[in-house]
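> Predicted model and sequence follow; I will ask about them next.
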There are 2 protein chains.
Amino acid sequence: MTKSYHHGNLRAALVDAAVGLAREGGPDAVVLREMARLVGVSHNAAYRHFSDRDDVMAEVAEFAMGQLETAMRSGIASVRSRDREVRARRCLREVGRAYVHFALGNPGLFTIAFTVKSEAVLSEERALALVAPYALLNEVLDELRDSGAMPARRRPSADVSCWAAVHGFSLLHLSGPVSDAPSTEREAALDHLLATIERGLIAP
Amino acid sequence: MTKSYHHGNLRAALVDAAVGLAREGGPDAVVLREMARLVGVSHNAAYRHFSDRDDVMAEVAEFAMGQLETAMRSGIASVRSRDREVRARRCLREVGRAYVHFALGNPGLFTIAFTVKSEAVLSEERALALVAPYALLNEVLDELRDSGAMPARRRPSADVSCWAAVHGFSLLHLSGPVSDAPSTEREAALDHLLATIERGLIAP
DNA sequence: CTCTGTATGTTGTCACCGTCAACTTTGGAG
DNA sequence: CTCCAAAGTTGACGGTGACAACATACAGAG
């Protein structure tokens, strides 16, 4: 099945190639013709499986968001506390730390995850996958409120605030004015950021 | 001097055109050939004044950062409070608000301001201009500490935290999962974000 | 004032990319 | 077995960034 005229599962192979390119070169490196070259198929083959380059990018973005969600989940899984309030706070911190670490460790994928054009084809499933990390953060914040750690009135806007903080931190270190900070300093700054946000949310 | 073979100040004209393109189309819209077309000069003329496309982008980024700095300064100028502590806190808020408003009001320019490739030619002057907004934020935070509003130990990491928050907020609304929020809701979320950060920094 | 060199702008070209149209091969349904 | 639709290919077009070679105009030396 592998060497026939028909590839068999070309779509998956192309996505693999696209993810590989994205991983190292970021959005600009995702080149249709290069994907085809890597898979050993001729250019334009991709057009049987994707409508557009944007369509490919959306697929990569979906993959990247999935990876991000996984990273965030394992951040949560690493929390050991038994006390409900403490646990909720730790979860928030770890989910934030995981977010930033994923971003800095996978700059290409992370960038593409937020590069999806609004005109792109958005199937129900794909749209859902693209906001999965956001949904996960919301779960954590719900628990932060339900556990009593955070005043309920803060809940509505807490998601955007938290997301903004870690997202901005990531991007500032990826392509911003502090992109050349040493990693120990960066980690310290991240701790302070997470602590600041937590104080801001918890304070009565 | 205008219709001669030599343009006179082609470089400035090209930058103007580039800024115009950047304003509406973002980074992808800054096309050397289109710049040349707008100015009424033939393609490749730009290569007498810029080494590269990245060089042009860096120039636009410098301009954008200048605009951003101006916006932040007028945010500070709008603060009326006399009490030193209160004034310092207001300045921080207004500088943050101005940052976000500039980003959402000038998405193309704002995006480019943070798209400058690290390999780009960075003259001393240009490098300085690119971090001017960052320097301004640091001034505000110094005053926040000196006025006694913020514990001194928080000062070192406060810059990154504040910057991350407003930067992330801007990008989430420009190309993130909350990019379609209505403006009144967005403004409320911004208020909450700024309040959260302030609480996090002020709390003893 | 002339001469000449250098800065500035132009023309032509190349490789690369995304995309469309037309053609070819394959595998499976009837 | 036949035929058709899905999957892959070939070829082309317009657009872009970049390079090289050429043309022009200004400015300073004599």
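Yes, it's here. Numbering: from 1, shown residues only, chains lettered A, B, ... in the order given.
> Output the below-cut-off pLDDT ranges for chain A.
Low-confidence segments of chain A (pLDDT under 70): A:1-5, A:119-121.
> Around DNA strand D, pick out the residues from it.
A:5-8, A:10, A:36, A:41-45, A:47-49 (Cβ under 7 Å from any atom of the strand). From N, CA and C alone the C-beta is placed, and that goes for glycine too.
> again, only this time at 6 Å
Within reach of DNA strand D by Cβ under 6 Å from any atom of the strand, chain A has these residues: A:5, A:6, A:7, A:10, A:41, A:42, A:43, A:44, A:45, A:48.
> Most neighbours among the residues you listed, which one is it?
Within those, residue A:7 tops the neighbour count with 19 neighbours, counted by other Cβ atoms under 10 Å in any protein chain shown.
> still on that earlier bit, and the residues of chain A next to DNA strand D as CSV, adding distance to residue A:147 and secondary structure?
Converted to CSV, the residues of chain A next to DNA strand D look like this (distance: Cβ to Cβ, whole Å; DSSP: H, G, I helix; E, B strand; the rest coil):
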residue, distance to residue A:147, secondary structure
A:5, 59, coil
A:6, 55, coil
A:7, 51, coil
A:10, 49, helix
A:41, 53, coil
A:42, 57, coil
A:43, 55, coil
A:44, 55, coil
A:45, 53, helix
A:48, 51, helix
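> Now flag whichever of these is closest to residue A:145.
Proximity of the residues of chain A next to DNA strand D to residue A:145 (Cβ to Cβ) peaks at residue A:10, which lies at 47.0 Å.
> Reformat the residues of chain A next to DNA strand D as CSV; add distance to chain B.
Output for these, formatted as CSV (distance: Cβ to the nearest Cβ, whole Å):
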residue, distance to chain B
A:5, 37
A:6, 35
A:7, 31
A:10, 28
A:41, 27
A:42, 27
A:43, 22
A:44, 23
A:45, 25
A:48, 26
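> and which of those is nearest to DNA strand C?
residue A:5 (2.9 Å; Cβ to the nearest atom of the strand).
> Quick one: name the residues of chain A near DNA strand C.
A:4, A:5, A:6, A:31, A:32, A:33, A:34, A:43, A:44, A:52, A:53.
> what about the fourth one, neighbour count?
Neighbouring residues of residue A:31 were enumerated by other Cβ under 10 Å; the total is 17.
> So it sits against residue A:21, correct?
Yes. Residue A:31 is within contact range of residue A:21, at 6.9 Å (criterion: Cβ atoms under 8 Å).
> I'd say residue A:192 and residue B:161 touch.
Yes. Using Cβ under 8 Å, residue A:192 is in contact with residue B:161, at 6.2 Å.
> neighbour count winner among the two?
Between residue A:192 and residue B:161, counted using other Cβ under 10 Å, the more crowded position is residue B:161 (25 against 19).
> And the more buried one, how far from residue B:57?
Distance of residue B:161 to residue B:57, given as Cβ to Cβ, to the nearest Å: 28 Å.
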